[in-house]
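Novice: Have a look; sequence and predicted model below, questions after that.
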Amino acid sequence: MCIDYVLLDTRYFTAIYDTDEVEEVGLFIDLTNGRQRRRAGVDGESELYYKQN
């Protein structure tokens, strides 16, 4: 499947994207302006994420 145009809606309070998936289309984590955080998943395991402003 090939999708020519994609809209990533970030206006919602929280938008979470899989970094492996978005890197394929050229989006990368902004390590300079982002803040490293941890959150508990549904299964109770902690996951690392970056909060972007």
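Specialist: That came in fine, so what should we check first? This structure is a prediction, so every number in the text was calculated from the model and none was measured.

Novice: pLDDT below threshold where in the chain?
Specialist: The model of the chain has pLDDT under 70 over residues 1, 8-15, 53.

Novice: Wait, E47 touches R38, no?
Specialist: Yes. Counting by Cβ atoms under 8 Å, R38 is a contact partner of E47 at 6.8 Å. From N, CA and C alone the C-beta is placed, and that goes for glycine too.

Novice: And T19, its phi and psi?
Specialist: phi -60, psi -30 (degrees, to the nearest 10).

Novice: for K51, same thing?
Specialist: phi -90, psi 120.

Novice: That one touches R38, doesn't it?
Specialist: No. Proximity of K51 to R38 does not meet the contact threshold set by Cβ under 8 Å, at 10.7 Å.

Novice: show me where this protein has helices.
Specialist: When assigned using DSSP state H, the helices of the chain occupy the ranges 19-23.

Novice: that older thread, please identify which of K51 and R38 sits among more neighbours.
Specialist: Per other Cβ atoms under 10 Å, whichever of K51 and R38 has more neighbours is K51, with 11 against 8.
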